[in-house]
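S.K.: the following comprises the amino acid sequence and a computationally predicted model.
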Amino acid sequence: MQNKNINYLFILIGLLKINKICNSLFYLFLISSFYFLNLMIK
């Protein structure tokens, strides 16, 4: 039982890390697209 709980914890931590990476990539994409839009308008 204890072993199963530890496995779930590792899976949860892994998902959180993946989520963080995806979020930062998404924000990078948003910032770069706004930047390019500003360049196109000027």
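M.R.: Received the coordinates, thanks. Numbering: from 1, shown residues only.
S.K.: which helix or strand contains the residue positioned nearest the centre of the chain?
M.R.: The residue lying closest to the centre of the chain (C-alpha atoms, centre = their mean) is Cys22, at 2.2 Å. Here Cys22 sits within helix 2-41, counting by DSSP states H and E.
S.K.: which of the residues in that helix are buried?
M.R.: For helix 2-41, the neighbour count (16 or more other C-beta atoms under 10 Å) marks no residue as buried. Backbone N, C-alpha and C define where each C-beta goes, glycine included.
S.K.: now do that helix: distance to the chain's middle.
M.R.: Its chain's C-alpha centre and that of helix 2-41 lie 0 Å apart, by C-alpha atoms, centre = their mean, to the nearest Å.
S.K.: what helices and strands are in contact with it?
M.R.: In this structure, helix 2-41 packs against no helix or strand, with contacts taken as 3 or more C-beta pairs under 8 Å, 6 or more residues apart in numbering; DSSP states H and E.
S.K.: that helix - what's its average pLDDT?
M.R.: The predicted model assigns helix 2-41 a mean pLDDT of 91.
S.K.: now the residue nearest to the centre of the chain: how far from Ile6?
M.R.: 25 Å (C-beta to C-beta, to the nearest Å).
S.K.: follow-up on the earlier one: got a list of what the residue nearest to the centre of the chain touches?
M.R.: Under the criterion of C-beta atoms under 8 Å, 6 or more residues apart in numbering, Cys22 has no neighbours.
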